[in-house]
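> Below are the sequence and a predicted model; questions follow.
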Amino acid sequence: MITRTILIASIAILAGAGSAMAAANEPNMPTGERAFNSLDSNKDGKITFDEIKPKAEKRVLQLDADKDGIVTAAEIDAFLEKQIERRKTRLMSRLDGDKDGKITQQEIDAFIEALFNEADSDHDGSVTLAEARDKAGKRWRQLKSSQGN
């Protein structure tokens, strides 16, 4: 039963990752303050068509593997498959503690405990939003630096 639960959870994570990855290149109106501000180049509190168009085009054209100015379904598939493979590799490397190609309940528990303890910076047995954000920020910076960005 646990193995089935883990399998279902893993599939859900990967499916969610695929949806998030697809949305990452699909132009949309920003709803978060940081994303909105990054598009508001003149910082007047408004986004114009001229401000959003170049960045939206760039997002979509990142999928254009052969750089011919046209994004095909095959290019989207290749991009998403590459992203899913990267996420699967990262998920397995982070959770599969004994590197046997399987994620057990014990490994999930150990990962969650370590995740929680790393975020609980004041060691009071709870995590505030500020601690969670700080942990996420540190993790993001580590990820970016490991990629050479």
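Now that the structure is in, tell me what you want to look at.
> so where does the closest residue to Glu118 other than its chain neighbours fall, helix or strand?
Nearest non-adjacent residue to Glu118, counting by CB to CB, 6 or more residues apart in numbering: Lys135, 6.1 Å away. C-betas here are computed from N, CA, C, even on glycine. Using DSSP states H and E, Lys135 maps to helix 129-146.
> Just give the number of residues close to the residue nearest to Glu118.
Residues within reach of Lys135, counting by other CB atoms under 10 Å, total 17.
> Would you confirm that it contacts Asn117?
No - under the criterion of CB atoms under 8 Å, Lys135 is not in contact with Asn117, lying 10.3 Å apart.
> Provide the count of other residues in contact range of Ala136.
Burial of Ala136 is recorded as 11 neighbouring residues (other CB under 10 Å).
> That one and Leu115, how far apart?
11 Å (CB to CB, to the nearest Å).
> How about Lys55?
33 Å.
> And the residue lying farthest from the centre of the chain, its phi and psi?
Relative to the C-alpha centroid of the chain, counting by CA atoms, centre = their mean, Asp44 is the outermost residue, at 29.4 Å. Torsion angles at Asp44 (phi, psi; degrees, to the nearest 10) stand at phi -100, psi 10.
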